[in-house]
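[1] model the structure of this input:
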Amino acid sequence: MNFAVLVFPGSNCDIDCYKAVEDTIGQPVDYVWHTETDLSKYDAILVPGGFSYGDYLRCGAIARFAPVMGALVKAAEEGKYILGICNGFQILTEAGLLPGALMRNQSLKFRCHQALLQVENTNTPFTSDYQEGEIISIPIAHGEGNYYCDEATLAELKANNQVVFRYKAGNNPNGSLDDIAGVCNKAGNVVGMMPHPERAISELLGSADGKRMFTSILSTWREKHGAAAIG
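    Next up, the predicted model:
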């Protein structure tokens, strides 16, 4: 299974994502620069956190127009697995691959600490190894993680089971609407989340709860492609 980690000017979690793939599931993984226009080689694409283009205008607003984004939209339409983390989530919403928008934290402060999440949807390629309702510990590091959408969009998200993660009740760190920490598209192959699972792959880092996001995607891909894909 081939993984791509997109790299924009200002990305700073690309190495974390690369190492998470390498260390947890041992699959081939490449850094892919934002000027690339062909992602056909890859089965899964990670859009990492950071401060793409310095977060000028809005977070992700400039990265959304990078050449690689055309190829990313095509990959999403083809059903390939895409995970946007933190700034990557912001980029996916700016590109229209996910609904909603990310605003300044309600506190107007950058928040960097462990966060408790409740798993709401285990029917995505990235969450199949979790249990619905399970509480997991995943770190956050963001200043603009306050998820927002209008009432009609929120109703649609709930109706289609597109809320993937919520902050545990009473533990919302940013004022996010309905405690939302991550969502997916209607097809379920594109997931965006503010917390950083790639920073939670070992107890040495404070939690290994993020590891199953990477084992989930490999298990899903292997199941889809049959026994020939194993090994």
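[2] which one's the longest helix in the chain?
    Scanning the chain for the longest helix, with DSSP state H as the assignment, gives helix 211-225.
[3] distance of Ala155 from Met1?
    Distance from Ala155 to Met1, counting by Cβ to Cβ, to the nearest Å: 35 Å. For glycine as for every other residue, the C-beta is placed from the backbone atoms N, C-alpha and C.
[4] swap in Phe65?
    29 Å.
[5] more neighbours, the two?
    Neighbour totals were compared for Phe65 and Met1, and Met1 leads with 19 against 12 (other Cβ atoms under 10 Å).
[6] which residues of this protein fall in strands?
    3-7, 29-33, 44-47, 81-85, 101-103, 111-119, 135-142, 146-148, 163-167, 180-184, 190-193 (DSSP state E).
[7] for the fifth one, the distance to its chain's centre please.
    Going by Cα atoms, centre = their mean, to the nearest Å, the spacing between the C-alpha centre of strand 101-103 and its chain's C-alpha centre is 14 Å.
[8] where does this protein dip in pLDDT?
    The model of the chain has pLDDT under 70 over residues 227-231.
[9] ok, 50 please
    228-231 (pLDDT under 50).
[10] tell me the centre residue of it?
    In the chain, the residue lying closest to the centroid (Cα atoms, centre = their mean) is Gly84, at 3.1 Å.
[11] circling back: could the strands of the chain go into TSV alongside distance to Glu223?
    Shown next, in TSV, are the strands of the chain (distance: least, Cβ to Cβ, whole Å):
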stretch	distance to Glu223
strand 3-7	17
strand 29-33	20
strand 44-47	14
strand 81-85	12
strand 101-103	32
strand 111-119	19
strand 135-142	22
strand 146-148	30
strand 163-167	19
strand 180-184	18
strand 190-193	17
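[12] quick one: closest of these to Arg212.
    Nearest of these to Arg212, taken as Cβ to Cβ: strand 135-142 at 8.3 Å.
[13] direction included, what does the closest one pair against?
    strand 111-119 (antiparallel) (DSSP bridges).
[14] buried residues in the strand it pairs with?
    Using 16 or more other Cβ atoms under 10 Å as the test for burial, strand 111-119 gives 111, 114-119.
[15] what residues does it touch?
    105, 127, 130-143, 145, 164-169, 171, 173-174, 181-182, 195, 206-207 (Cβ atoms under 8 Å, 6 or more residues apart in numbering).
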